[in-house]
Every structure is written in structure tokens, then in C-alpha cells.
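Chemist: Predicted structure and sequence below. I'll ask about it afterward.
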Amino acid sequence: TNVSYDPTRELYEQYNKIFQKHWKEKTGQDVDITQSHGGSGKQALEVANGLEADVVTLALEYDVDAIQDAGLIDDGWVDEFPEDSAPYTSTIVFLVRKGNPKNIKDWDDLVNKKVEIITPDPKSSGGACWNFLAALSYIKEQTDDEKEQKAFLQKLYSQVSVMDSGARGSTTTFVENQKGDVLIAWENEAITTMKSYPDEYAMITPSVSILAQPSVAIVDDNADANGTQEVSREYLNYLYTDDAQRLAAEYGYRPSNESILKEFSDRFDLNVKLYTIKDYGGWNEAYKNYFDDGAMFDEIYGNE
């Protein structure tokens, strides 16, 4: 069982097929793979509270740490697989309607124009946390004044009309319910939407964003109990193979393998300035400063 976050549905639907074939060839065994998707923070909480998962493929390192804190994942998980256990990355972009009627080009357009914004809730969605940090990265480039940074974010979030619990819910609100002028989204989610609705949407890559690193880990307690440690390890390792890296790119994720990423340079804007979570002191620090109860998001959104 792979408990994942919202926008990975299509990727894992295909990945599971190539992994099943690989495992059958390697061991002669058939492997059944069950998927679960939802807001990353919510999914982590469910696993910590007993939702059965052999592996998790979540949006944030912080969410995997929460499962480790519940005693289900062994210490040191982040070093278990290459690239800090992040086989693919993404970044945060804008999805706009055909013709870009509000002429949105960068973050300042979201606050300086009368723009209705759709973005999920950082309290339940990992993607929403990346969205917040991408916006903060932009304003940090403009000013060191924390008051001005907060005022920018406050204005941005005052124009959010719907805040769903997960990234896929926000896409549904924007695309199917036709709400909003712009969706702040995972790059892969924007690419998937444009594939599904040709000529109806455009993707805008802002000048500054963040390197979003979704994390993968074996839920050791469950895998030990289920006798699935070996297949779980292979399932996550196989994400780093050339075949899987190219598949990730096909579904809009940036391969962690640099040479394969370059093969897809026509798909990904490799010139955007990307902050990283290390610029914010790592996830524990970022969570404490921005997303914990009473932290900056609550201050600017009036949740205090």
C-alpha cells in the first residue's frame, strides 16, 4: 500500500504497472499495489493514526517526520534513498485560463490586480505549504522588511476565494467548477491539466519559486508486520531508475537525475530562481515559523 498525496494519482497509476512487471521479472512474484491519495498533511495524520501503509510518498519531509514521530518509521529515513529520499521534484507555478485574460506574469500581479486566487489550505495540504513559501521567496527577493513581506502575503491570501483541503481539490475548483482567475499549483498538476484540457489553460512560471521536494519512505513498522520490507524498498528504489525517471517527467515531475531532467528542458523552465527549504532552516523551522498554530499563516489569514 502506497499512501500518497493528491496530485500523484496519474503518475502512480502508470508507475505501479512498470514496477509490477519489473518485480515479476526479478522474483517471479505478483505484487498487488493499493493507492491512497489526499492532502499530504491529512494523509500523514491518517497513517500515524493507523491507516495501513507500507510506503508513503508525501509532499513534505515534515509529513514523513510526523509518521516517524508516531514511532512507525525508523530514524534516518531521509538518508535511506538518494537525493534526500526525493526521487522527483516540482516547483510552484500559476495556471491561468486561455489567453491569460488578467495578464498575469508574476507574483506581484496576483496582489496588484483584482485577481481571484485559488490555492489549498496549508493546514492540511503539503502543496499549499510550498505555495506559501514560493510566494514568500518572491517577496524576500524584493524586500528584507518582514512587515512588508507579511503585508504582501496578507494581500495575496485576502484574494483567495476557495481554500480546499488538498491540491487536487483546488484544481477541481478551478477547472471543473470554473472558480477563480488563477490557480497556484504544483508544476506537474498544471502540466496534467493542460494535457487533459488542450487549449483551455496556460501555465505561467513566475520569476521566483521554490524547489518542492516530495519525500518517500518505508513505513517500517507496517512493512515489518506485513512482511513487505523487501518489496517496499525495491518499490521506492525503482523510482530512481531511468525508466521511472522518464515516466515522472512525462507526468510533469522534474526527475532528480540531472541528465534526464535536461532531456525534458523543453517542458520545464530551468532558469527560474528556486529557493529551497534549506533557505528556511529546514521543515521543522519552517513549520514553526509559518504553519504551526499562531504562526505567520494564522497571523495573516486571521486564524489566531
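Modeler: That came through, no problem.

Chemist: Can you pull the poorly scored residue ranges out of this structure?
Modeler: Scanning the chain with the threshold set as pLDDT under 70 gives 303-304.

Chemist: need the strands for it, in chain order.
Modeler: Here the chain has its strands, by DSSP state E, at 2-4, 35-36, 55-58, 88-89, 92-97, 117-118, 160-162, 182-186, 201-204, 208-210, 215-218, 254-255, 273-275.

Chemist: can you put those strands in JSON lines and add distance to Arg246 and mean neighbour count?
Modeler: Heads up, the C-betas are built off the backbone N, CA and C, glycines and all. Shown next, in JSON lines, are those (distance: least, Cβ to Cβ, whole Å; neighbours: other Cβ atoms under 10 Å):
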{"stretch": "strand 2-4", "distance to Arg246": "20", "mean neighbour count": "24"}
{"stretch": "strand 35-36", "distance to Arg246": "21", "mean neighbour count": "16"}
{"stretch": "strand 55-58", "distance to Arg246": "18", "mean neighbour count": "26"}
{"stretch": "strand 88-89", "distance to Arg246": "11", "mean neighbour count": "25"}
{"stretch": "strand 92-97", "distance to Arg246": "21", "mean neighbour count": "24"}
{"stretch": "strand 117-118", "distance to Arg246": "31", "mean neighbour count": "24"}
{"stretch": "strand 160-162", "distance to Arg246": "35", "mean neighbour count": "16"}
{"stretch": "strand 182-186", "distance to Arg246": "19", "mean neighbour count": "28"}
{"stretch": "strand 201-204", "distance to Arg246": "20", "mean neighbour count": "17"}
{"stretch": "strand 208-210", "distance to Arg246": "23", "mean neighbour count": "24"}
{"stretch": "strand 215-218", "distance to Arg246": "18", "mean neighbour count": "25"}
{"stretch": "strand 254-255", "distance to Arg246": "7", "mean neighbour count": "24"}
{"stretch": "strand 273-275", "distance to Arg246": "22", "mean neighbour count": "16"}
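
Chemist: Minimum distance to Gln142: which of these has it?
Modeler: Of all the strands of the chain, strand 208-210 sits nearest to Gln142, with 9.1 Å by Cβ to Cβ.

Chemist: Note down every partner strand of the closest one and its orientation.
Modeler: The pairing partners recorded for strand 208-210 under DSSP bridges are strand 273-275 (parallel).

Chemist: hang on, the earlier thing: reformat the strands of the chain as TSV; add distance to Ala151.
Modeler: Formatted as TSV, the strands of the chain follow (distance: least, Cβ to Cβ, whole Å):
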stretch	distance to Ala151
strand 2-4	36
strand 35-36	39
strand 55-58	32
strand 88-89	30
strand 92-97	21
strand 117-118	16
strand 160-162	16
strand 182-186	18
strand 201-204	23
strand 208-210	18
strand 215-218	32
strand 254-255	32
strand 273-275	20
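
Chemist: among these, which is nearest Gly294?
Modeler: Nearest of the strands of the chain to Gly294, taken as Cβ to Cβ: strand 160-162 at 19.9 Å.

Chemist: Need the residues that contact the closest one.
Modeler: Glu116, Ile117, Ile118, Thr119, Ser170, Thr173, Lys179, Gly180 (Cβ atoms under 8 Å, 6 or more residues apart in numbering).

Chemist: List phi and psi for the residue nearest to Phe132 when sequence neighbours are not counted.
Modeler: If the residues on either side of it in the chain are set aside, Phe132 comes closest to Pro122, at 5.4 Å by Cβ to Cβ, 6 or more residues apart in numbering. Pro122 adopts backbone torsions of phi -60, psi -20, taken as degrees, to the nearest 10.

Chemist: Pro122 against Cys129, yeah?
Modeler: Yes. The pair Pro122 / Cys129 is scored as a contact, 4.8 Å apart, by Cβ atoms under 8 Å.

Chemist: Now for these two: what residues contact both?
Modeler: The contact sets of Pro122 and Cys129 overlap at Tyr290, Phe291 (Cβ under 8 Å, 6+ apart).
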